[in-house]
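> Kindly generate the corresponding structure for this input.
(4 chains)
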2 protein chains.
Amino acid sequence: MSGAAHLTLTTDVVPFAIHGERLEVLLARQAADWRLPGGPIAAGEELDAAARRYLAAQTGLNDVYLEQLYTFAQPKRHAGQRMVTVAYFALVSTDFPSDDGAPADRQAHWIAVNELPAQAPDGAEIVALAHRRLASKLAYSTIALQLMTEHFTLSELQAVHETILGETLDKRNFRKRILALDCIEQTGALERRRGHRPARLFRAKRPGQVDFIK
Amino acid sequence: MSGAAHLTLTTDVVPFAIHGERLEVLLARQAADWRLPGGPIAAGEELDAAARRYLAAQTGLNDVYLEQLYTFAQPKRHAGQRMVTVAYFALVSTDFPSDDGAPADRQAHWIAVNELPAQAPDGAEIVALAHRRLASKLAYSTIALQLMTEHFTLSELQAVHETILGETLDKRNFRKRILALDCIEQTGALERRRGHRPARLFRAKRPGQVDFIK
DNA sequence: ATATGAAGGTGTAGTTTTTACACTATTATC
DNA sequence: GATAATAGTGTAAAAACTACACCTTCATAT
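Presented below is the predicted three-dimensional model:
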């Protein structure tokens, strides 16, 4: 029974977003360096409530998709100071402000998953596990929609899949597969960008809900 | 930071085995009632080490397959007494002694998942989640082999799948699928039971290892 | 006005995977 | 030697997946 007194239970969140063909993680400034958002869980606080609280406080993110990932006992840093962290990942839609042209003094910034700084205990391991989990969930759930803006084109959705998986997909097969899931619908509107045919816009049929498929 | 002092981090383990076409969970006696094996995690102890320790101490089980399931913040029971439990599930081979004809004073006993007693906080929820996780893993891993004895017949393996899934499977299709995975091999021996043709015995090619398939 | 560049959008044939389905083989017992 | 019980096996139809190429629509430049 005696272990409890020396123990700090914390949460760490891996906030993912896709920015320009890159899978990025939002890190928060803590003292001198950049770390995953998170911190100690308060007495009586729900675990996911703590994760949301730190995400909001340290990065300004609200109303994101959040999913528990794994719980890690971190190696002791100081004698008798035991840290256990309940890791989560969050999916942030692409239109949450990215870093392009941001002032240097901001408290949070996006960084590509393959360019993470040497980091806090378990940081890289947590991100890697979250990335794997996300990639495998693409195959059997509609989780990718949580990374999209309210309206999006099929090409954008395909790019999100490709970025997470790290491989290119066939356009026709991808569309067939996604449309067969009956998880998105046309808005009727078109997205017009310069220099080519406008793309049809889609939206999630059940936004905020992740369905399992197969 | 103040939450830590009131917090007890515990582990709970859902030990599964199949006994005679039933999926059963091994409960440990604690005071007056039967609960999932588990208890507080000691300072400096690895999480899965704690799970193994309680499993061994409270039920006598050793060397089982163990996998982290989910972490739950339990509702407070007394003011200021916060419990957080890291839940695991364990897979126990069918030949670990079942309860048939056991003395009434034993410290652990198997009970079918659908006959669990009204239980400790989260007990039923943890078992239900573990069952769902196990069932879904049958589809994309060789995890079912962890429930088998060293040698087993294909019919036994099929019965294990059927029990976990709660549905019957086609014998020919099941065998084709399992053999295509290249995860088991014939021992050459036969299991002879009374009154019918003897069955070929198989063993896992990589015992103790769970492979992902597809 | 017309040509060009850039992404959007579409169908089909071949292959592989999955499903449904029924009978013979081998043993112990009566 | 008949019976009861489980072991063991193949094939055809359906469904899912894969590979693959061309026309459309817009903006821009000439």
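> use CA for all of it now, contacts and neighbours both
Will do.
> Can you give the domain ranges for chain A?
According to automatic domain parsing, chain A comprises the domains A:7-120, A:143-204.
> highest average neighbour count across the ones you listed?
Across these, averaging neighbours per residue (mean count of other C-alpha atoms under 10 Å in any protein chain shown) puts domain A:7-120 on top, at a mean of 18.
> wait, does that domain contact DNA strand C?
No - using C-alpha under 7 Å from any atom of the strand, we find that domain A:7-120 stays clear of DNA strand C, coming within 12.2 Å at best.
> Show residues contacting the helix-or-strand element of chain A with minimal mean pLDDT.
One helix or strand of chain A scores below all others by mean pLDDT, DSSP states H and E: strand A:65-78, with a mean of 88. With contacts defined as C-alpha atoms under 8 Å, 6 or more residues apart in numbering or on different chains, strand A:65-78 is touched by A:48, A:82-92, A:121-122, A:129-130, A:146, A:208, B:44, B:46-47, B:68, B:70-71, B:86.
> at 7 Å instead, please
A:82-91, A:121, A:130, A:146, B:46-47, B:71 (C-alpha atoms under 7 Å, 6 or more residues apart in numbering or on different chains).
> What of stretch A:88-105?
A:12-19, A:64-69, A:109-110, A:130, A:146-149.
> ok, now with 6 Å
Outside stretch A:88-105, the residues that touch it by C-alpha atoms under 6 Å, 6 or more residues apart in numbering or on different chains are A:13-18, A:64-69, A:146-149.
> Chain A: strands as residue ranges?
Secondary structure of chain A (DSSP state E): strands at A:7-19, A:22-30, A:33-35, A:38-40, A:65-78, A:81-91, A:108-112, A:184-191, A:199-204.
> ok so, going back, starting from the least confident helix or strand of chain A, tell me which strands it pairs with and how they run.
strand A:81-91 (antiparallel) (DSSP bridges).
> now the angle from the partner strand to strand A:7-19?
Relative orientation of strand A:81-91 and strand A:7-19, computed by axes from the mean of the first three to the mean of the last three C-alpha atoms, to 10 degrees: 30 degrees.
> tell me the mean pLDDT for strand A:81-91?
Averaged across strand A:81-91, the pLDDT comes to 93.
> Distance from the chain centre to that strand, please.
Its chain's C-alpha centre and that of strand A:81-91 lie 14 Å apart, by C-alpha atoms, centre = their mean, to the nearest Å.
> how far off strand A:22-30 does that strand point, in degrees?
140 degrees.
> which non-adjacent residue is nearest residue A:46?
residue B:73 (6.2 Å; C-alpha to C-alpha, 6 or more residues apart in numbering or on different chains).
> Repeat that for residue A:126.
Residue A:126 sits nearest to residue A:87 (C-alpha to C-alpha, 6+ apart), 7.2 Å away.
> my read: that neighbour touches residue A:9, true?
No - look at residue A:87 against residue A:9 with C-alpha atoms under 6 Å: they stay out of range, at 10.8 Å.
> Just confirm residue A:213 contacts residue A:143, I think it does.
No - when contacts are counted by C-alpha under 6 Å, residue A:213 is not listed as touching residue A:143 (10.4 Å).
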